[in-house]
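Student: I need the structure of the sequence given here:
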Amino acid sequence: MLSGRAFSGLPTRAVLRVLDWLAERTLPAEKTAEHHRTGRRGEEAAYFHLRKLGYTMVARNFRSPRCRGEIDLIGWEKDVLCFVEVKTRTTRDVKPGQAAVDQHKRREVAAVVREYLRRFPPSCQWRFDIVSVYYGHSKASQPQIEVFRNSSLTAWN
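Tutor: Residues are numbered from 1 along each chain as shown. This is a model prediction of the structure:
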């Protein structure tokens with residue numbers, strides 16, 4: 001019999017942390033910009049946080065060949081399909097993560113959502129969520145994560 005811990009994502013997350021630690025010490029330095037690495041860390045933290053909240057994740061970084069843009073995470077919360085935009089910040093001083101999902105980004109996400117929903121019956125319930133991830137100054141610090149459920153995809157200023 002498997003324990004609930006086996007399905008919580010904790011073992012997977014621990015293995016990923018060990019592999020990241022080993023990669024930092026053995027592989028050549030990544031030529032990826034620091035803010036892209038931070039964003040990737042935030043998406044991973046959001047993924048595991050949403051799983052802990054009960055979401056069943058079905059896609060990461062979904063793109064359509066017909067549209068610009070990408071949906072960071074897609075998952076089911078009960079019987080509602082959730083399209084999730086993740087915004088990661090190292091400070092709250094400039095602009096909160098959720099406020100960074102501007103008119104342009106909402107239009108791009110809406111087009112990709114429409115494309116994804118073509119696979120489902122018209123009666124499929126769905127919503128758009130925004131997850132803001134905030135890291136402190138230390139790379140080892142645990143992020144603060146806020147989930148904004150049912151955000152509007154309507155473009156606003």
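Student: got any ranges where the chain has weak pLDDT?
Tutor: 1-8, 29-30, 137-140, 154-157 (pLDDT under 70).
Student: That one: strands as residue ranges?
Tutor: 56-62, 71-77, 80-89, 126-134, 144-151 (DSSP state E).
Student: and Thr88, what are its bridge partners?
Tutor: Val133 (DSSP bridges).
Student: quick one: it and Gly39 touch, right?
Tutor: Yes: using C-beta atoms under 8 Å, Thr88 is in contact with Gly39, at 5.0 Å. In short, each C-beta sits where N, CA and C put it, glycine included.
Student: ok, those two, which is more surrounded?
Tutor: Thr88 (24 against 18; other C-beta atoms under 10 Å).
Student: List the contacts of that one.
Tutor: Contacts for Thr88 (C-beta atoms under 8 Å, 6 or more residues apart in numbering) come out as 38-39, 41-43, 45, 97, 132-135, 143.
Student: how close does it get to Thr12?
Tutor: Look at Thr88 and Thr12: by C-beta to C-beta, to the nearest Å, they are 20 Å apart.
Student: ok, now Glu146?
Tutor: 23 Å.
Student: again with Gln125
Tutor: Distance of Gln125 to Thr12, given as C-beta to C-beta: 28 Å.
Student: Pull the residues that contact the helix ranked longest in the chain.
Tutor: Secondary structure of the chain read by DSSP state H shows that its longest helix is helix 34-52. Residues outside helix 34-52 that contact it (C-beta under 8 Å, 6+ apart) are 8-9, 13, 16, 30, 57, 60-61, 72-73, 75, 84, 86-88, 90, 131, 133, 135, 143, 145, 147.
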